[in-house]
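> Sequence first, then the predicted structure:
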Amino acid sequence: MTQRCDRPKGVRVTTREFFFVTASFTDCANAIRALSMDAVEAANSGHPGMPMGMADVATVLFQNYLKFDPADPKWPDRDRFVLSAGHGSMLIYSLLHLTGYARPTLEDIKTFRQVGSPCAGHPENFELAGVECTTGPLGQGLAMAVGMAIAERHLNAGYGDSLVDHRTWVIAGDGCLMEGINHEAIGLAGNLKLGRLIVLWDDNKITIDGAVSLSSCEDIPARYRATGWQVVECDGHDEADIARAFDEAIAETGMPTLVRCRTIIGKGAPNFQGTSKTHGSPLGTAEVAAARETLGWKYAPFDVPGDIREAWLNAGKRGAEPHAAWKQRLAGDSNAAEFSRRMAGDLPEGFSLDSHIASLIAEPKKIATRVASQLALDAINAALPETLGGSADLTPSNNTLTKGLEDLTPGNYGARYVRYGIREFGMAAAMNGLALHGGVIPYGGTFLVFSDYARPAIRLSALQQARVVYVMTHDSIGLGEDGPTHQPVEHVMSLRLIPNLEVWRPCDAVETAEAWGASVARTEGPSLLALSRQNLPQLSSGGAAKGGYRLQAADAARKVVILASGSEVEIAVAAREALEAEGIGADVVSMPCWSRFDAQSKDYRADLLPRDALIVSIEAGVTTGWERYTGVDGLCFGLDRYGASGPAPDLYKHFGLTAAAIVPQILQKLKD
């Protein structure tokens, strides 16, 4: 007999029609449970407990509430769904497969966690359409969702409900809510009153070690309410109660909502459910068989019957009609071309900083590169409406606020400057979400030494290929009196180790402008600008785009090549002058971006680093790493220790980072 899969009374119909199938709600939820435990069992690795526990919540969400269209996973006005508890990746893989996304296929799911499968251990945004962001490092998914929710409100303010009118949904576990970044993220979201952000808390009271009570007595709902959130609760295994909670969340538009879903981890596994045994290990053959019996799932591994598949595919098709209506609105909107350009990530035709750079060359400036950055941003922000700036409470020091920008607030979502507060990690993660949402290019500032606070999110920027620009000022002992706690020593080098992160350390105003031009144009990953506090002379006439270039050529027969970055290029130039006075030819090569230099042709690099010359490096940081350019027979001048408190010129002299201290050592090396 055909039965109707109605939602319970009171559930809002927004983006779907009722459909007739022979599968029940429980059947649909159990398909998620079965696929999840089967895939984990086949891989002999994974986390079956969370997908099995949240299957009912996810079924209500994807069948009745989430606005999406598997036929076009990049539809700009889709709801964003973030699985912050990324260890439960089989939940989203099951949902994408069942609702009709092109991938993952059933074969993909069968090869879960295997080399070459898009079904990685944790969801990766570059592997599957429908995965909005890479998650797994707990807490970061929720924090990125805050950025997505900011982007939605910001773009809505500019383009209206007809083009931008969607929500951001998150599934988060106890671990996501325990992590320190959660405090930062929810504080930011509450302050900005992001009413389109809804977090579904998988409150199963279990972590890997056992009961949550072993490590926490926190009143999480009270904490969320204290930061400006609405909190509602539901039985996470009762379809009607879940829908009632979702309706309450949707009805509240003035604050974000935490939905406390009381669930049983591993639900359906009769001997293991409700325990940590289901968290991060396969259930085992016997328990999988027992779960099938408990759930009434009589089908073979990976087998989903046709009526259940039909129910899920129908759920996936319900987004087609609102998507088509949105396309019609877009076609008739006067802002269609500009909106589409921004969502595609394209810069305006003809955008360039060439005129700004030309003006710098015409009128050289001795200024700190953080000030030069602000000058470049003045030009960028005037030409690119998609830039969205901010700082972690260091705006006057980072120089990230430019002319005409206003603070983004609940009363002014269309503004372009975010006051992130003292939340470096939260800021970085939110910027990832902003970038991944699309339509904006986020940049944010803090001190370089505080990149340590943000580093996990910077790494995810690079992994996810997110177009984020980090503005990190006070980049060396040159910041002076604040002393070693604030003086970066190892930071630039350690950041260079992150794959796909372009680290820039410009030497003057021209290189800073070039670095900014390259950073906003880069679509395949993040950039980080390490900028000086102290004033630096203008030395460059351009060339930084290649990462390393010959700033000054030898006059006498070349015997030495001096490499330097940032504020130490000035020292390299002074050292060259002293060597030339001794009749020793020396080139100066400015190296603002290693990864860009490494990407140049072999011939180009060999021309700058000839084997018949002594290669010397100067940088006010750890010397480890420079050997790749200087070779074992070269000289590396830097700071393989922590700094000290004192005026910047005195510190450079104290640590031997002056031409007067370096040149005699070069001369001695040439004699050896």
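Structure's in. What do you need?
> tell me the contacts of residue 35?
For residue 35, the contact set (Cβ atoms under 8 Å, 6 or more residues apart in numbering) comprises 90, 93, 94, 97, 98, 109, 302, 304. For glycine as for every other residue, the C-beta is placed from the backbone atoms N, C-alpha and C.
> pretty sure the second one contacts residue 40?
No. Using Cβ atoms under 8 Å, residue 93 and residue 40 do not qualify as a contacting pair, with a distance of 10.9 Å.
> what do these two both touch?
By Cβ under 8 Å, 6+ apart, the residues touching both residue 93 and residue 40 are residue 112.
> Which one's more surrounded, the two?
Neighbours were counted for residue 93 and for residue 40 using other Cβ atoms under 10 Å; residue 93 has more, 30 against 26.
> so which strand or helix has the more buried one?
helix 89-99 (DSSP states H and E).
> wait, is residue 172 part of a helix?
No. Membership of residue 172 in a helix is not supported by DSSP: H, G, I helix; E, B strand; the rest coil, which gives strand.
> That one contacts residue 204, doesn't it?
No. The criterion here is Cβ under 8 Å, and residue 172 misses it with residue 204 at 11.7 Å.
> which stretches of the stretch 1-150 of the chain aren't confidently modelled?
Within the stretch 1-150 of the chain, the ranges that satisfy pLDDT under 70 run 1-21.
> mind listing the strands in the stretch 501-650 of the chain by residue range?
Ranges of strands in the stretch 501-650 of the chain, per DSSP state E, counting those that start in this stretch, are 502-504, 527-531, 535-536, 549-552, 558-564, 585-590, 614-618, 635-637.
> and the third one, which strands flank it?
When pairs are called by DSSP bridges, strand 535-536 turns out to pair with strand 367-368 (antiparallel).
> mind listing what's buried in the helix or strand following the strand it pairs with?
Moving toward the C-terminus from strand 367-368, the next helix or strand (DSSP H and E) is helix 369-383. Judged by neighbour count (16 or more other Cβ atoms under 10 Å), helix 369-383 contains these buried residues: 369-377, 379-381, 383.
> ok, of the residues you listed, which one's closest to residue 483?
residue 370 (19.0 Å; Cβ to Cβ).
> which residues in the stretch 401-550 of the chain form helices?
Using DSSP state H, counting those that start in this stretch, the helices of the stretch 401-550 of the chain run over residues 424-437, 451-464, 491-496, 509-521.
> Over to the stretch 151-300 of the chain?
Counting by DSSP H, counting those that start in this stretch, the stretch 151-300 of the chain has these helices, from start to end: 174-178, 180-191, 220-226, 239-251, 285-295.
> Could you save those helices as JSON lines and add columns showing mean pLDDT?
Shown next, in JSON lines, are these (pLDDT from 0 to 100):
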{"stretch": "helix 174-178", "mean pLDDT": "98"}
{"stretch": "helix 180-191", "mean pLDDT": "98"}
{"stretch": "helix 220-226", "mean pLDDT": "98"}
{"stretch": "helix 239-251", "mean pLDDT": "98"}
{"stretch": "helix 285-295", "mean pLDDT": "98"}
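> wait, which of these is closest to residue 620?
It is, among these and with distance given as Cβ to Cβ, helix 180-191, at 30.5 Å.
> which other helices and strands contact that closest one?
helix 140-159, helix 220-226, helix 424-437 (3 or more Cβ pairs under 8 Å, 6 or more residues apart in numbering; DSSP states H and E).
> okay, the ones you listed, which one's buried deepest?
Scoring those by mean neighbour count under mean count of other Cβ atoms under 10 Å gives helix 424-437 as the most buried, with a mean of 30.
> counting contacts, what elements does that helix pack onto?
helix 140-159, helix 180-191, strand 387-391, strand 441-447, helix 451-464.
> out of the helices of the stretch 401-550 of the chain, deepest packed?
It is helix 424-437: most buried of the helices of the stretch 401-550 of the chain by mean count of other Cβ under 10 Å, with a mean of 30.
> That one vs helix 451-464, what angle?
20 degrees (axes from the mean of the first three to the mean of the last three Cα atoms, to 10 degrees).
> Distance from the chain centre to helix 424-437, please.
5 Å (Cα atoms, centre = their mean, to the nearest Å).
> Turn the buried residues of helix 369-383 into JSON lines, including distance to residue 595 and pLDDT.
Listed next are the buried residues of helix 369-383 as JSON lines, based on distance: Cβ to Cβ, whole Å; pLDDT from 0 to 100:
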{"residue": "369", "distance to residue 595": "19", "pLDDT": "98"}
{"residue": "370", "distance to residue 595": "22", "pLDDT": "98"}
{"residue": "371", "distance to residue 595": "25", "pLDDT": "98"}
{"residue": "372", "distance to residue 595": "21", "pLDDT": "98"}
{"residue": "373", "distance to residue 595": "19", "pLDDT": "98"}
{"residue": "374", "distance to residue 595": "25", "pLDDT": "98"}
{"residue": "375", "distance to residue 595": "25", "pLDDT": "98"}
{"residue": "376", "distance to residue 595": "20", "pLDDT": "98"}
{"residue": "377", "distance to residue 595": "23", "pLDDT": "98"}
{"residue": "379", "distance to residue 595": "25", "pLDDT": "98"}
{"residue": "380", "distance to residue 595": "22", "pLDDT": "98"}
{"residue": "381", "distance to residue 595": "26", "pLDDT": "98"}
{"residue": "383", "distance to residue 595": "26", "pLDDT": "98"}
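> Make JSON lines from those residues and add distance to residue 670 to it.
As requested, those are exported to JSON lines (distance: Cβ to Cβ, whole Å):
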{"residue": "369", "distance to residue 670": "32"}
{"residue": "370", "distance to residue 670": "37"}
{"residue": "371", "distance to residue 670": "38"}
{"residue": "372", "distance to residue 670": "35"}
{"residue": "373", "distance to residue 670": "38"}
{"residue": "374", "distance to residue 670": "42"}
{"residue": "375", "distance to residue 670": "40"}
{"residue": "376", "distance to residue 670": "39"}
{"residue": "377", "distance to residue 670": "43"}
{"residue": "379", "distance to residue 670": "44"}
{"residue": "380", "distance to residue 670": "44"}
{"residue": "381", "distance to residue 670": "49"}
{"residue": "383", "distance to residue 670": "49"}
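> so who does the residue nearest to residue 272 when sequence neighbours are not counted touch?
Counting by Cβ to Cβ, 6 or more residues apart in numbering, residue 278 is the residue found nearest to residue 272 once chain neighbours are left out, at 4.8 Å. Going by Cβ under 8 Å, 6+ apart, residue 278 touches 48, 49, 52, 265, 266, 269, 272.
> Could you give the number of residues near the second one?
Close neighbours of residue 49, defined as other Cβ under 10 Å, add up to 34.
> The fourth one too?
The local packing count at residue 265 equals 29, with neighbours defined by other Cβ under 10 Å.
> Please report the distance of it from residue 232.
21 Å (Cβ to Cβ, to the nearest Å).
> in stretch 584-603, what's buried?
Using 16+ other Cβ under 10 Å as the test for burial, stretch 584-603 gives 584-597, 600.
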